[in-house]
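Trainee: Sharing a model that was predicted from the sequence below.
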Amino acid sequence: MADAAVNPSAKKYTLADLEAHKEKDDCFLLIDGKVYDVTKFLDEHPGGDEVVLAEAGKDATEAFNDIGHSDEAREQLKGLYVGEFDGPTSSKTSSTTKSPSPSAPSVTRFGNLAIPLVAISGYLIWRFLYAN
């Protein structure tokens, strides 16, 4: 169907609206600010209906993107489109999450070097003490 860019009068769904559609016979997903009625698709989903139902009635953007869906899967969403979400989505709220501290990478680098350094040091000490 048409999306909001083509249809500016697309229906707006709130979080309460989404939460009312999380059953196998009535299942909506929110992905990237768009609401999709995936009820008829549940039986066809390659990963099974359980994985879709686990994300039903809420923002499934992160779960959808983490799986790495194909272009074909993204194309299928167009036929399931029912409206826009009227509220904050994961992509909008993700900027408020804390980024890792700048010191975190240096700790990781040291951790990656510590094991080989200890191993080499142990070998050299053994070689020095017991090689003769």
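Mentor: Everything's here; your move.

Trainee: Report the residue spans of this structure with pLDDT below the cut-off.
Mentor: 1-8, 89-112, 132 (pLDDT under 70).

Trainee: For it, just list every one of the strands.
Mentor: 12-13, 22-23, 26-31, 34-37, 81-85 (DSSP state E).

Trainee: what's the most buried one of the ones you listed?
Mentor: strand 26-31 (a mean of 22; mean count of other Cβ atoms under 10 Å). Heads up, the C-betas are built off the backbone N, CA and C, glycines and all.

Trainee: quick check: angle from that strand to strand 81-85?
Mentor: Strand 26-31 and strand 81-85 are oriented at 60 degrees to each other (axes from the mean of the first three to the mean of the last three Cα atoms, to 10 degrees).

Trainee: and strand 26-31, C-alpha only, in PDB?
Mentor: What follows is strand 26-31, C-alpha atoms only, in PDB (Å, rounded to 0.1, in the frame of the first residue of the first chain):
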ATOM      1  CA  ASP A  26      -4.500  -9.300  15.400                       C
ATOM      2  CA  CYS A  27      -0.800  -8.300  15.200                       C
ATOM      3  CA  PHE A  28       0.800  -4.900  14.500                       C
ATOM      4  CA  LEU A  29       4.500  -4.100  14.400                       C
ATOM      5  CA  LEU A  30       6.200  -0.700  14.600                       C
ATOM      6  CA  ILE A  31       9.300  -0.500  12.400                       C
END
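
Trainee: Any chance of TSV for the strands of the chain, columns distance to residue 70?
Mentor: TSV is the format used below for the strands of the chain (distance: least, Cβ to Cβ, whole Å):
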stretch	distance to residue 70
strand 12-13	26
strand 22-23	25
strand 26-31	14
strand 34-37	16
strand 81-85	18
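
Trainee: for those, which one sits closest to residue 48?
Mentor: If you check each of those against residue 48 by Cβ to Cβ, strand 26-31 wins as the nearest, at 13.1 Å.

Trainee: Nearest the middle, which residue of the protein would you pick?
Mentor: Closest residue to the average C-alpha location of the chain: residue 62 at 2.2 Å, with Cα atoms, centre = their mean.

Trainee: Select, out of the strands of the chain, the one closest to residue 45.
Mentor: Using Cβ to Cβ, the strands of the chain put strand 26-31 closest to residue 45, at 10.4 Å.
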